[in-house]
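**Q** Need a 3D model of the sequence below.
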Amino acid sequence: MSDLFKGYKGPALELLKKFNIRVWSDASVKTSRGDFRGIVLPRAENDDDRHIVLKLATGYNVGIDAGTVRGMEELGYKEAHYKIPEKEFPVSKEKKNVKLLGTGGTIASRLDYRTGAVIPAFSPGELYGAVPELADICNLTTEKLFAVFSENMGPEQYKGLAKAIGEEIRKGTDGIVIGHGTDTMHHTAGILSFMVQNPPIPIVMVGSQRSSDRPSSDAALNLMHATKTAAESDIAEVMVCMFGPTSDEYGLLHRGTRVRKMHSSYRSTFRTIGDIPLAMVDRRRITPLRSDYNRRRRDREVKILPYFEEKVGMLYYYPNMQPDMIDSMVDHGYRGIVIAGTGLGHVNKPLYPAIVRAAEKGVAIYMTVQTLWGYVHMFVYDTGRDLMAKGIVPAENMLPEVAYVKLAWALGQTADLGEVKRLMLTPIAGEITEREPYNGYLIFQGGIPEVEEFIRKFHK
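**A** Down below sits the predicted model:
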């Protein structure tokens with residue numbers, strides 16, 4: 001496909017050809033739904049063939065259905081430049097040394113306002129060109145370990161990350177930042193909390209909900225908060241660093257085993273569940289919210305345990321779930337199953353024979369709650385007691401995803417179900433807590449007068 005129409009096909013391509021409109025043209029478009037003007041952006045190979053994408057003067061992109069277009073006119077043409085200008089990253093003996101490990105995608109990008117192109121930045125020089133404030137925070141070096149979307153993160157990447165973290169700690173790095181897609185960031189934070197135990201430095205996972213070509217992007221600020229945490233924080237744990245409120249006021253540091261993505265698009269999507277975050281961070285300071293965390297040390301000692309059994313699965317229980325769901329997993333050689341049950345940890349009685357069969361086959365089965373907040377309490381009702389008698393082990397207040405990665409980690413080390421149970425029920429990185437504090441469960445219901453008053457007084 002010619003670069004004049006990069007990525008376009010089908011009806012959208014025919015429309016561009018009809019009106020002689022090239023990619024990167026400054027174009028006006030008349031449609032049955034109104035008139036638009038912007039830069040014609042290229043399309044990815046896997047995008048549909050019916051939409052033309054314009055970058056508007058506001059910085060936002062809009063997709064226009066080819067079937068609605070009544071006319072197009074090229075008003076100008078701006079050749080794209082894909083290379084971001086690099087600046088040598090300043091190094092200072094007074095600043096801490098931070099390593100950024102990339103797993104895929106872009107942690108920071110730069111918008112070429114002349115062309116409308118979004119240019120990924122990853123090398124220290126590129127990042128300095130895109131986010132010059134980083135030079136005021138630390139001495140930054142980078143290494144791209146993988147190039148995968150977050151949904152494609154798995155055992156190979158988890159193990160590779162854990163080993164790379166161990167190497168960086170032994171080299172004397174003062175802090176580590178991991179650039180990661182947000183969709184499965186909490187899974188990776190959970191497994192790294194078990195694979196990398198008692199680290200002497202901060203390990204900070206960071207990403208962005210909105211790309212850098214959008215005016216509301218959180219990429220640069222998240223990166224500044226994460227590097228400041230890695231360089232200066234006293235908290236030596238695996239953490240997720242993302243926006244606190246939807247505003248640009250501060251970020252939150254969430255413990256890797258108690259964090260979860262809770263909204264598909266909000267910048268403040270990550271929440272600590274059943275507890276409170278470790279700290280707040282802004283461009284000036286890091287403010288701890290609690291004191292029971294692993295503290296930074298001068299030694300280079302760390303325990304790296306890169307184990308993961310791939311034949312572990314998770315079932316989200318729903319009414320009328322059929323036993324063949326469990327039977328199929330057993331027949332396909334699964335060694336562990338985590339169930340997100342209803343209420344205090346329940347499933348229906350038709351599943352009981354399949355559960356008994358799985359237990360007899362040596363499958364480790366653990367129960368969590370799909371409510372996310374709260375504990376599994378299987379002694380309260382006959383249903384729970386019956387399930388435990390059939391081989392299911394309550395997983396306390398572990399989040400379902402955390403129980404899943406921990407079970408895979410435990411089964412990666414041993415086939416002894418007694419030892420697996422010991423590993424699962426022994427708290428390692430805050431995945432099990434003695435109690436849920438009164439402010440560990442806060443979900444406000446909109447529309448109620450007192451809640452609306454609170455929102456008006458403060459902010460979202």
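
**Q** Next, the residues that contact stretch 192-201 from outside, please.
**A** Outside stretch 192-201, the residues within contact range by CB atoms under 8 Å, 6 or more residues apart in numbering are 158-159, 161-162, 165-166, 169, 173-176, 203, 205, 230, 236-238, 255-257, 294, 296-307, 405-406, 409, 428-431. Backbone N, C-alpha and C define where each C-beta goes, glycine included.

**Q** per-residue pLDDT, the nearest residue to residue 432 once chain neighbours are set aside?
**A** In space, not counting the residues next to it along the chain, residue 432 is nearest to residue 396; the distance is 4.5 Å by CB to CB, 6 or more residues apart in numbering. The predicted local confidence for residue 396 comes out at a pLDDT of 97.

**Q** Need the pLDDT of residue 124.
**A** With respect to pLDDT, residue 124 has a value of 78.

**Q** Any idea how many residues pack against it?
**A** Here the count is done by other CB atoms under 10 Å, and residue 124 has 21 residues near it.

**Q** ok, it - contacts?
**A** 89, 140-142 are the contacts of residue 124 under CB under 8 Å, 6+ apart.

**Q** any idea which of those residues is closest to residue 226?
**A** The nearest member of those to residue 226, counting by CB to CB, is residue 140 at 11.0 Å.

**Q** gap between the closest one and residue 201?
**A** According to CB to CB, to the nearest Å, residue 140 and residue 201 sit 15 Å apart.

**Q** residues in contact with the residue lying closest to residue 322 once chain neighbours are set aside?
**A** On the basis of CB to CB, 6+ apart, the spatially nearest residue to residue 322 that is not a chain neighbour turns out to be residue 350, at 7.1 Å. Residues touching residue 350, when contacts are defined by CB under 8 Å, 6+ apart, comprise 321-323.

**Q** For residue 350, report the pLDDT, please.
**A** We note a pLDDT of 96 for residue 350 in this prediction.

**Q** That one belongs to a strand, doesn't it?
**A** No: with the criterion set as DSSP: H, G, I helix; E, B strand; the rest coil, the secondary structure at residue 350 is helix rather than a strand.

**Q** In PyMOL, how would I select just the buried ones from the contacts of stretch 192-201?
**A** Here is the PyMOL command that picks out the buried ones among the contacts of stretch 192-201, judged by 16 or more other CB atoms under 10 Å:
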select buried, resi 158+159+161+162+165+166+169+173+174+175+176+203+205+230+236+237+238+255+256+257+294+296+302+304+305+306+307+405+406+409+428+429+430+431
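
**Q** Filter the contacts of stretch 192-201 down to the ones in strands?
**A** Counted as lying in strands by DSSP state E, out of the contacts of stretch 192-201, are 175-176, 203, 205, 238, 255, 303-304.

**Q** Could you export those residues as JSON lines, including pLDDT and distance to residue 317?
**A** Conversion of these to JSON lines gives the following (pLDDT from 0 to 100; distance: CB to CB, whole Å):
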{"residue": "175", "pLDDT": "98", "distance to residue 317": "40"}
{"residue": "176", "pLDDT": "98", "distance to residue 317": "37"}
{"residue": "203", "pLDDT": "98", "distance to residue 317": "33"}
{"residue": "205", "pLDDT": "97", "distance to residue 317": "29"}
{"residue": "238", "pLDDT": "98", "distance to residue 317": "29"}
{"residue": "255", "pLDDT": "98", "distance to residue 317": "26"}
{"residue": "303", "pLDDT": "98", "distance to residue 317": "35"}
{"residue": "304", "pLDDT": "98", "distance to residue 317": "35"}
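
**Q** what's the closest of those residues to residue 281?
**A** Compare each of these with residue 281 using CB to CB and the shortest gap goes to residue 175, at 12.6 Å.
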